[in-house]
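**Student:** Predicted model and sequence follow; I will ask about them next.
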Amino acid sequence: MRRLLIDATQCAGCRCCEMACSFRHEGVFSPSLSRVAVIKDDKHGIDYPLYCRQCEPCPPAEMCPTGALSKGDRGTVQLDENVCINCGVCVSACRFEAIKLDEASMPILCDLCGGDPACVLKCPTKAMTFQESDFFSEQPDEAYKKLRRRWGLDA
């Protein structure tokens, strides 16, 4: 399956991905409406995009009490807004912190823009790519460890 992949060493924290995503989906530039969220990890000194990894199986979909979340034809997680009860269980079930709620408590999650992710297209450092991958489970702590090794700072 084609997935979003991140090279944390290239992320400049510019948040262009957030702006591109919110504009593509909502028609406004708003980080709170973006399906990707760049966190600034001061502990490790890195910026890191949080986004849906399209996990298989998908814990938020499995834990959704109404079945509002499911896997679509392309393997992406889909939301049926007519079935969603705005309970927020999906937010706590996602181990990658990729789901957030809008003002009406409706889940906001990545649909890979139908196969042409706006975040990837607008990433000026090419930190985000969209390519074939079995799974990408890296967390910010793991990215930091890679950076320390690359910089020769591991003791």
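**Tutor:** Ah, there it is.

**Student:** Show me the protein divided up by domain.
**Tutor:** Listed by automatic domain parsing, the domain ranges of the chain are 11-51+110-140, 53-109.

**Student:** now the end-to-end length of the longest one.
**Tutor:** I take that to be domain 11-51+110-140. Criterion C-alpha to C-alpha, to the nearest Å; first-to-last residue distance in domain 11-51+110-140 is 12 Å.

**Student:** chain center to it, what's the gap?
**Tutor:** Centroid separation for domain 11-51+110-140 versus its chain: 6 Å, with C-alpha atoms, centre = their mean, to the nearest Å.

**Student:** and what of stretch 8-15?
**Tutor:** For stretch 8-15, the distance to the chain centre is 14 Å (C-alpha atoms, centre = their mean).

**Student:** before we move on, back to that, using TSV, lay out the domains of the chain together with mean neighbour count.
**Tutor:** Just so you know, the C-beta spots here come from the backbone N, C-alpha and C atoms, and that holds for glycine as well. Putting the domains of the chain into TSV (neighbours: other C-beta atoms under 10 Å) gives the following:
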stretch	mean neighbour count
domain 11-51+110-140	17
domain 53-109	16
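
**Student:** Distance to Trp151 and mean pLDDT added to those domains, as JSON lines?
**Tutor:** Below are these laid out as JSON lines (distance: least, C-beta to C-beta, whole Å; pLDDT from 0 to 100):
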{"stretch": "domain 11-51+110-140", "distance to Trp151": "11", "mean pLDDT": "91"}
{"stretch": "domain 53-109", "distance to Trp151": "25", "mean pLDDT": "93"}
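
**Student:** Of these, which is nearest Arg2?
**Tutor:** Closest to Arg2 of these is domain 11-51+110-140 (C-beta to C-beta; 5.7 Å).

**Student:** related to what we said a few turns ago, make CSV from the domains of the chain and add distance to Leu147 to it.
**Tutor:** Shown next, in CSV, are these (distance: least, C-beta to C-beta, whole Å):
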stretch, distance to Leu147
domain 11-51+110-140, 7
domain 53-109, 19
